[in-house]
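> need the 3D shape of this:
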Amino acid sequence: MFRLFAVIFFIAFFGCASEEPRGTVTGKVAVDGIPLTEGTIYFENQNKGVALTGQIKSDGSFKLASHQGAGLVVGSYKVAISPEAMLMSADEIPLVGKNPRKPNDVKKSPLPEKYFKTSTSELSAEIKEGFNPPIFFDLKK
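Numbering: from 1, shown residues only. I've put the predicted structure just below:
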């Protein structure tokens, strides 16, 4: 019995110890100096197979966190930004027979389409372990 407990302990201990280091990810998004008031920011690291999205708040700020904790796995990321807002909670998901939330009219967005995909946005970020200074993206029309 003791051996079984010891094996489980070592598996749990070394499994937790192998988690990759993370760095904080916060910042702001603006278009020609004016805060983007709604949208979603997307960080993607293809080498590590890691991606995470975050909501852009009304003041243009964002903060990324996952179920594993604040921030992202350390590394280089390509970034995309969409004018579409993320759902905030299960309360915002429409029930059957209810009117769904209307999507933003992408054509009316101040955000040029080139920023919608990591392959065309030309935006990037380097995330280091621990605290990272806020990232500021000032997008141009």
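> which residues of this structure fall in helices?
2-17, 118-121 (DSSP state H).
> mean pLDDT lowest for which of these?
Across these, helix 2-17 has the smallest mean pLDDT, namely a mean of 46.
> skip the chain neighbours and tell me the closest residue to the most centrally placed residue in the chain.
Taking Cα atoms, centre = their mean, the centroid of the chain lies closest to Thr53, which sits 2.7 Å from it. Spatially, and ignoring its direct neighbours in sequence, Thr53 is nearest to Tyr42 (4.9 Å; Cβ to Cβ, 6 or more residues apart in numbering). Just so you know, the C-beta spots here come from the backbone N, C-alpha and C atoms, and that holds for glycine as well.
> which strand residues bridge the one you found?
For Tyr42, the residues forming beta bridges with it (DSSP bridges) are Thr53, Ala80.
> tell me who's in contact with it.
Contact analysis of Tyr42 by Cβ atoms under 8 Å, 6 or more residues apart in numbering lists Ala51, Leu52, Thr53, Val79, Ala80, Ile81, Ser82, Thr118.
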